[in-house]
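Student: Structure for this input, please:
(one chain, ligands or ions: 2)
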Amino acid sequence: MKTAVWVVDPEQPDPQVMARAGSVIRGGGLVAFPTETVYGLGADALNTQAVRSIFAAKGRPQDNPLIVHVGAISDLDGVIGELTPMAEKLIPHFWPGPLTLVLPKDPAIPAEVTAGLDTVGVRMPAHPVALALLKAAGVSIAAPSANASGRPSPTSAAHVLADLDGRIEVIIDAGPCPLGLESTVLDVTGAYPVILRPGGVTAEDIEAVLGVEVQVAGEHNEVPRAPGMKYRHYAPRAELLLVTGTLGAVRQRIIELAQENQERRVVVLSRVDSAGDYPNLKVVPCGRRNDPDDVAAGLYAALRQCDGMGADLILAEGIEARGFGQAVMNRLRKAAKQTIRVGSEE
Ligand code: TXA
Ligand code: MG
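Tutor: Ligands and ions are numbered 1, 2, ... in the order given. Below is the predicted model:
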């Protein structure tokens, strides 16, 4: 299969291009498209064959459910069974946007989409191109991140092409994704809300709307609740060591680790501000210090860049786990073989 790349303006995508992409989806094909978080790999959510081909193209385990994307609240009919009271409160605040709600599923959604669960993850993306594609397709779109399974999520069309060239029909290229990390996945089917995957919408944001405490799955080391969270995710090819703590102590420990591993191809994943702190080492700077949004936006591209440099050991500076920094640290911890704390706690 030849993969076509169609370039569009991120704010005002060409309606003719979007109409063609919509008909590829309706015809059962796969279209990679930008969202505000990461690029998704979309198929008609009601077409079982098309959904199966998503798993095949990515090499994704069958037991990891997909998120269904909708373009309007009315499109929830036929996707979810019912809106829970928590979902009713959250949707006006956070949709369209980076919040996936886990809700009871409608029987019409194929078991392949939800990996046999009786719930479905659903979100309304905010990116104009994603919304235009949903409108042009006229169907709900099941879409995981458009990476090969196990690789960092793609935040540019070039990342998608690197992983899936020849395996999918179309990539819509609208430049880099503004947020750079996947949506928050929130289970709102129970007595209290549970974050299954941290993202752009934080626990504090959700608590402010619901007025109840939000649990974060995995904080107490229980069995993973989002099936996807049990897989080694977000991973570069190289081994990654994450170093957290006070500024000076982190720098010193990274320099020590580099010296202890001189026979390996070491790359330091630093902040822009600290890129000059590692003389004689290869450095990939990612985001400004004290700007978690900036770090998030560049993180996956930086991990892919480390791989591209042939790194076999990445020494990564941690950031403060506040705001979007929580999601950044969640992804770095998952990518890391080990997290090393030095100096006092951040
Ligand atoms: O930002 C995003 O969410 C991107 C864009 C494309 O929308 N999508 C994305 O999809 O990251 P994916 O498939 O890479 O991650 C979906 C996550 C997985 O961890 C999966 O296990 C979880 O959501 N999930 C999906 N449906 C679920 C369900 N019914 N119950 C629990 N977890 C679910
Ligand atoms: Mg993914």
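
Student: C-alpha only now, for contacts and for neighbours.
Tutor: Noted.

Student: interface residues of the protein facing ligand 1?
Tutor: The interface of the chain toward ligand 1, taken as Cα under 6 Å from any ligand atom, is made up of 37-40, 64-67, 102, 114, 119-121, 143-145, 182-183, 185, 226-229.

Student: Let's see which of those residues end up in helices.
Tutor: Mapping those onto helices (DSSP state H) picks out residue 114.

Student: Could you identify the buried members of the residues of the chain next to ligand 1?
Tutor: Among the residues of the chain next to ligand 1, those classed as buried by neighbour count (16 or more other Cα atoms under 10 Å) are 37-40, 64-67, 102, 114, 119-121, 143-145, 182-183, 185, 226, 228-229.

Student: can you give me the strands for the stretch 201-346 of the chain?
Tutor: For the stretch 201-346 of the chain, the strands defined by DSSP state E, counting those that start in this stretch occupy 215-216, 239-245, 266-270, 282-285, 313-317, 338-342.

Student: Please identify the deepest-packed of those.
Tutor: Between the strands of the stretch 201-346 of the chain, strand 266-270 has the highest mean count of neighbours, a mean of 25, where neighbours are mean count of other Cα atoms under 10 Å.

Student: coming back round to it: take the strands of the stretch 201-346 of the chain and lay them out in a markdown table including distance to residue 300 and mean pLDDT.
Tutor: Output for the strands of the stretch 201-346 of the chain, formatted as a markdown table (distance: least, Cα to Cα, whole Å; pLDDT from 0 to 100):
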| stretch | distance to residue 300 | mean pLDDT |
| --- | --- | --- |
| strand 215-216 | 23 | 94 |
| strand 239-245 | 13 | 97 |
| strand 266-270 | 11 | 98 |
| strand 282-285 | 12 | 98 |
| strand 313-317 | 13 | 98 |
| strand 338-342 | 18 | 95 |
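
Student: what would those look like in a markdown table with distance to residue 16?
Tutor: As requested, the strands of the stretch 201-346 of the chain are exported to a markdown table (distance: least, Cα to Cα, whole Å):
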| stretch | distance to residue 16 |
| --- | --- |
| strand 215-216 | 43 |
| strand 239-245 | 44 |
| strand 266-270 | 41 |
| strand 282-285 | 39 |
| strand 313-317 | 43 |
| strand 338-342 | 48 |
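
Student: Residue 156 is nearest to which of these?
Tutor: strand 282-285 (17.7 Å; Cα to Cα).

Student: so how far is that closest one off the chain centroid?
Tutor: Centroid separation for strand 282-285 versus its chain: 23 Å, with Cα atoms, centre = their mean, to the nearest Å.

Student: go on, stretch 298-308?
Tutor: In terms of Cα atoms, centre = their mean, the centre of stretch 298-308 is set 14 Å apart from its chain centre.
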